[in-house]
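Enquirer: give me a 3D structure for the following:
(2 chains)
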Amino acid sequence: MAYPFSETEKKWQRYWLEHKTFKTEDKPDPKRPKYYVLDMFPYPSGAGLHVGHPEGYTATDIIARYKRLNGFNVLHPMGWDAFGLPAEQYAIETGTHPRVTTEKNIDRFRSQLQAIGFSYDWDREVNTTDPAYYKWTQWIFMQLYKKGLAYLADVPVNWCPALGTVLANEEIIDGKSERGGYPVYRRPMRQWMLKITAYAERLLNDLDELDWPESTKEMQRNWIGRSEGAEVRFKIDGHDEILEVFTTRPDTLFGATYMVLAPEHPLVHHITTDAHRAEVESYIREVSRKSDLERTELEKDKTGVFTGCYAINPVNNKKIPIWIADYVLITYGTGAIMAVPAQDDRDYAFAKKYALPIIRTVQPPEDFEGKAYTGDGIAINSSFLNGLKVNEAKEKMIQYLEENGLGKRKINYKLRDWLFSRQRYWGEPFPVLHDEEGQTCLVDETDLPVTLPEMEDFKPRPSDKDETEPQPPLSRAPESWKYVNKGGKIYRREYNTMPQWAGSCWYYLRYIDPHNDKALIDPDKEKYWMNVDLYVGGAEHSVLHLLYARFWHKVLYDVGVVSTREPFKKLVHQGMILGETEYTAYKDAQDNWLSFDKVSALSAKEMEEQGIKRIRLDEHQVTKSGDHFVLTEDNSIRVDARSFKMSKSRGNVINPDDIIKQYGADALRMYEMFMGPLEAMKPWSMTGVEGINRFLNRVWRLFIDENTQSVHAHISGDIQANNDQLRVLHQTIKKVSEDIENLRFNTAISAMMIFVNEANKWQRIPVGVLNEFLILMNPFAPHITEELWQRLNGASKGTIADQHWPVFEARYIEINEIEWVIQINGKIREKIKAPKNMERTAIEKLARESGRMPELLTGKTIRKIIVVPGKLVNIVVS
RNA sequence: GCGAGGAUGGCGGAAUUGGUAGACGCGCCAGAUUUAGGAUCUGGUGUCCCUGUGACGUGGGGGUUCGAGUCCCCCUCCUCGUACCA
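Expert: Predicted structure coming up:
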């Protein structure tokens, strides 16, 4: 009989909840070491958990249980990132209030997580939509405001009229809204901005001290995009204004033969001459109509128009034409460039197209022509720079510019300030008041939280009119909410709400002190628990969430709320779980097989037009041939073999609930950990789940006699463990401990399988050996191990949660006799049993004389014998 | 284009500092048990050749070394990220 996972798992889940087994003490023993292991909390969507969630969550749960068994105070919490657009869109479509949907989804997520047996301290659950939580999100905003890090600005935003809100860049796919596929336009709007750029240097530098994936650190570095160069001031011919540009190549200034402004640059209208005005205006209109998608598509072909106006090159006083072109971005640098076609690919392409002059100022290698030279070399055509290498020339030019007031050294960042307001209902209200003069001030701290008003109609008001400023839902809130009397003066509240990122920027702090209504966090508790020792979550948050959270953390550090400069010491991304590998063959309209290499280049549309059909094949219908798969029945027909991202439309989604129902939570946990390395992307396999299920049943039968349904008679507390049993046990202790420390859960499980395979051969088994094994396996499969522990020990020893992790003792795995490998010229020729610590000369002699070695060595000259102690002997012969 | 990571049996994946390639699991093959199927248990399973104490074998090519999946150089392919950032 299979082990009764369903009752067993429910029994222990109930036990853990009732006994608060995994409660973290509010005043933990300060002498014990602490360990803070954190999951990225989920957005509780209507779809429920997918198999990606339990992957990272199981990994952290194993660590949490392992650390507890090793005597650590462990903080392992869970909560909900519950504000955001999906709940609001769903609300709009169905008329249900987002609060209702959100509560329902949270309840579902909580019960799903509890059904997997995660050891969270549920008394510390946080919810970003809870006023008691967002009170402190608003409080943090107030600190930002007071430090001048929050400001209102007219900025170009992604406005989606159909949804009635601005969208973040990541909420837009191919120029359309991610949700609904509605068109998105750029338009200027007055928005709250956070001055993350003020922290650019610290966000960049402090990356070095973090134990994070190198790729993630690199992405953040690229995102911050620090570059060193100079700001150069150009006079404009016939105008008083100065045109400032940023360049990383001040050394090429003598080669600047024209200037380019972004079409949105504020000086464009002013400097354009009447002769060119019509052309310029029409170009600007054309560009503004282009969506982001069109701009990318037209990437290669540069366009622009001449303004009719000239700038003066400050180093040689030459007049150079000023153009506008959309290859210059208003959002980077000063929105204007000096173009140096000889040393810049983009400028070169533009200069060629519009026949603008090209002057080389760095000597290219011989035979180099027809393109820009961006490498190092000697400065030419550059007056006082001539003969200098690029770096020297840069320095000298910057010095010259500074001495003559023509420019200065400058560090520029790609990072832009954070657009922090949304025209939505379902978000944190700003703790901000507006007076009639357009001045803003904060609400009194004692008035926090500013709660969301109850509203009948929280829908955004779609609008196509460009002229009217869109009105967020909160502008239709009851008058009593909208207007506030402060010190006898009437203010109106801010109608925008905060973006979804706000709540997730600091939730890891709130878990430490979740019910504190006097402060965001108690300083003593903060000092004890911070940093987060291990943070596990998806790589999709590599930049935004992790950068925003680091930014807020640094601000909180500056105002003295936290004591560490960085929140997350070690970060790991779990890899994506793909759908089951699919084998696909193709047939044409006449039902003839088509080899995959003939159809792989076709688009879905072309295939449909030609009547080509996809045929899903079973694993057994295909054969490997070279580096690809073919039909077993016709080897000339290639087959496509791939794993795809799980998606509803593909129909390859695995629901964790189904796995739990069929195989149990322990099987789900163990399978997800056994699939492969945590960080790797890997395909799901139903037969793999069955394999784990078989293993769990083997574990059950190792303890439980199928006939009597009680513990085997040959398992007893009176038996002394023999050497073999101690060796196998301690090898397992060693391997499992090391592997958990290094997050190599797949190989830890493999070690447990080896233990069970060995243990099944034993005639009589001491209880002590099995007890230690159960503790080792407990973090992975907590339900079955607790159940077996209870059946083995009764109530005498408490539960596994009360135990201590087994101590590895090297003496049990030391063996004298080992198998030495004997090689001739690096090829294995013989294996001999001999003492492990044998003397070099003795093992050499033994190697030469054992087995067929004398025969193989006949007529050969031994030139050298290499001995690797305890491993092998390599005899080098000529 | 640029940046990062990767390529090991039919499949997922193992392999301290260079030292027995393929642990463990899946699949497959054979046997046991069973009326049969399923489940379970035992054994086998990289490729090639009739064979062996054989040869070959970690994407391809070259190198270093007594010895390379591991180190160095060149190339191919895949995945992820990014995209006119001056």
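Enquirer: whether stretch A:198-218 contacts RNA strand B - can you check?
Expert: Yes - using CB under 7 Å from any atom of the strand, stretch A:198-218 reaches RNA strand B at A:214-215, A:218. All C-beta spots, glycine's among them, are computed from the backbone N, C-alpha and C.
Enquirer: looking at those residues, state which has the most neighbours.
Expert: In terms of neighbours by other CB atoms under 10 Å, the residues of stretch A:198-218 next to RNA strand B top out with A:E218 at 13 neighbours.
Enquirer: all helices of the stretch 501-650 of chain A, in order?
Expert: A:501-504, A:507-510, A:523-529, A:544-558, A:596-599, A:604-609 (DSSP state H, counting those that start in this stretch).
Enquirer: what is the nearest of the residues of stretch A:198-218 next to RNA strand B to A:S850?
Expert: Set against A:S850, the nearest of the residues of stretch A:198-218 next to RNA strand B by CB to CB is A:E214 (48.2 Å).
Enquirer: need the phi and psi values for that closest one.
Expert: phi -60, psi -40 (degrees, to the nearest 10).
Enquirer: before we move on, what about A:H434?
Expert: phi -110, psi 140.
Enquirer: is it true that it touches A:R492?
Expert: Yes - A:H434 lies in contact with A:R492 (CB atoms under 8 Å); the separation is 5.2 Å.
Enquirer: tell me the residues of the stretch 401-550 of chain A that contact RNA strand B?
Expert: So the stretch 401-550 of chain A meets RNA strand B at A:412, A:414, A:539-540, A:543 (CB under 7 Å from any atom of the strand).
Enquirer: buried among those? Make that a ChimeraX selection.
Expert: To isolate the buried subset of those in ChimeraX, counting by 16 or more other CB atoms under 10 Å, use the following:
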select /A:412,539,543
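Enquirer: so A:F246 belongs to a strand, correct?
Expert: Yes - counting by DSSP: H, G, I helix; E, B strand; the rest coil, A:F246 is part of a strand.
Enquirer: point out where chain A drops to low pLDDT.
Expert: A:1, A:168-176, A:178-179, A:290-300, A:462-469 (pLDDT under 70).
Enquirer: name the residue closest to the centre of it, please.
Expert: A:A539 (1.9 Å; CA atoms, centre = their mean).
Enquirer: I'd like the helices of the stretch 501-650 of chain A as TSV, with distance to A:P365 and mean neighbour count appended.
Expert: Formatted as TSV, the helices of the stretch 501-650 of chain A follow (distance: least, CB to CB, whole Å; neighbours: other CB atoms under 10 Å):
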stretch	distance to A:P365	mean neighbour count
helix A:501-504	48	24
helix A:507-510	53	24
helix A:523-529	59	16
helix A:544-558	40	21
helix A:596-599	41	16
helix A:604-609	45	11
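Enquirer: could you dump those into JSON lines and include distance to A:V245?
Expert: Below are these laid out as JSON lines (distance: least, CB to CB, whole Å):
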{"stretch": "helix A:501-504", "distance to A:V245": "33"}
{"stretch": "helix A:507-510", "distance to A:V245": "42"}
{"stretch": "helix A:523-529", "distance to A:V245": "46"}
{"stretch": "helix A:544-558", "distance to A:V245": "28"}
{"stretch": "helix A:596-599", "distance to A:V245": "51"}
{"stretch": "helix A:604-609", "distance to A:V245": "45"}
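Enquirer: what about stretch A:573-581, start to end distance?
Expert: End-to-end span of stretch A:573-581 (CA to CA, to the nearest Å): 23 Å.
Enquirer: coming back round to it: which residues touch the residue nearest to the centre of chain A?
Expert: A:213, A:215-216, A:573 (CB atoms under 8 Å, 6 or more residues apart in numbering).
Enquirer: repeat that with 6 Å
Expert: The contact partners of A:A539, by CB atoms under 6 Å, 6 or more residues apart in numbering, come to A:H573.
Enquirer: try the one 3 residues further on
Expert: Contacts for A:S542 were tallied using CB under 6 Å, 6+ apart; they are A:216, A:219.
Enquirer: quick check, A:F109 in contact with A:P44.
Expert: Yes - counting by CB atoms under 6 Å, A:F109 touches A:P44, with 4.5 Å between them.
Enquirer: and the two? Which one has more around it.
Expert: More crowded of A:F109 and A:P44, by other CB under 10 Å: A:P44, with 28 against 21.
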